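Student: Got a sequence here, can you build the structure:
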Amino acid sequence: MGKRSTISTTDAEAAALTVVESNQQTAFAKHQSWPMVKPVLLAALVCAAPVSRSSAQDAGVSVDMMGIGAMSCAHWQSTQALRLEGTIWIYGFWTGLNYVAAASGQTETKVDTAAAVVEVKKTCAQRPSQVLANAVWTAYLDLNKR
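Tutor: Have a look, this model is predicted:
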């Protein structure tokens, strides 16, 4: 089971995450098809899309995060093996963010893998105690603004 971590979000994002998590669990548990999940993801992203990074840091929401993404940036950077594990996790999480953005008609953050990791490292350097998932989310939003 995933570790519960606090990631900064707005109320709209929190509501969207709750809807997505609830509907994903229900849909996948009952083996429902993608057409049933897509409208829920679209609604969640439409609600969360206009949020700026500064307002995203005003409120916290608890999210079941899997893997090294639930650990701190400092933990990710602590050994070569953890750096590799975290880098792979970043690729997957970033791809998931782009997948949901594309499926809902939002703008994807298109960068090569090396640039994505560089941005996450910069974000982590600013606050090493933050959860890796939060650093990836922040880097994703920052690059999407450019």
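
Student: for this structure, which spans come out with low pLDDT?
Tutor: Scanning the chain for pLDDT under 70 picks out the ranges 1-61.

Student: What lies in contact with stretch 105-117?
Tutor: Around stretch 105-117, the neighbours that count as contacts under Cβ atoms under 8 Å, 6 or more residues apart in numbering are 42, 45, 49, 87, 90-91, 94, 97-98, 100-102, 119, 139-141, 143-144. C-betas here are computed from N, CA, C, even on glycine.

Student: Among those, name the ones in helices.
Tutor: When DSSP state H is applied, the contacts of stretch 105-117 are split such that 42, 45, 87, 90-91, 94, 97-98, 100-102, 119, 139-141, 143-144 fall in helices.

Student: coming back round to it: for PyMOL, what selects the buried ones among the contacts of stretch 105-117?
Tutor: Command for PyMOL that selects the buried part of the contacts of stretch 105-117, burial taken from 16 or more other Cβ atoms under 10 Å:
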select buried, resi 45+87+90+94+97+98+100+101+119+139+140+141+143+144
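
Student: Secondary structure class of the residue nearest to A102 when sequence neighbours are not counted, three-state.
Tutor: Among residues not flanking A102 along the chain, E108 sits closest, at 5.5 Å (Cβ to Cβ, 6 or more residues apart in numbering). Secondary structure, DSSP: H, G, I helix; E, B strand; the rest coil: E108 is coil.

Student: Could you pull up phi and psi at E108?
Tutor: Taking degrees, to the nearest 10, you get phi -80, psi 150 for the backbone angles of E108.

Student: can you pull out the helices in this protein?
Tutor: Assigned by DSSP H, the helices in the chain fall at 11-29, 34-48, 53-56, 73-76, 80-103, 113-126, 132-145.

Student: these two touch, right, A70 and A133?
Tutor: Yes - A70 lies in contact with A133 (Cβ atoms under 8 Å); the separation is 6.7 Å.

Student: Count the residues that sit near A125.
Tutor: 11 (other Cβ atoms under 10 Å).

Student: wait, T113
Tutor: 12.

Student: got it, and D112?
Tutor: Applying other Cβ under 10 Å, I find that D112 has 8 neighbouring residues.
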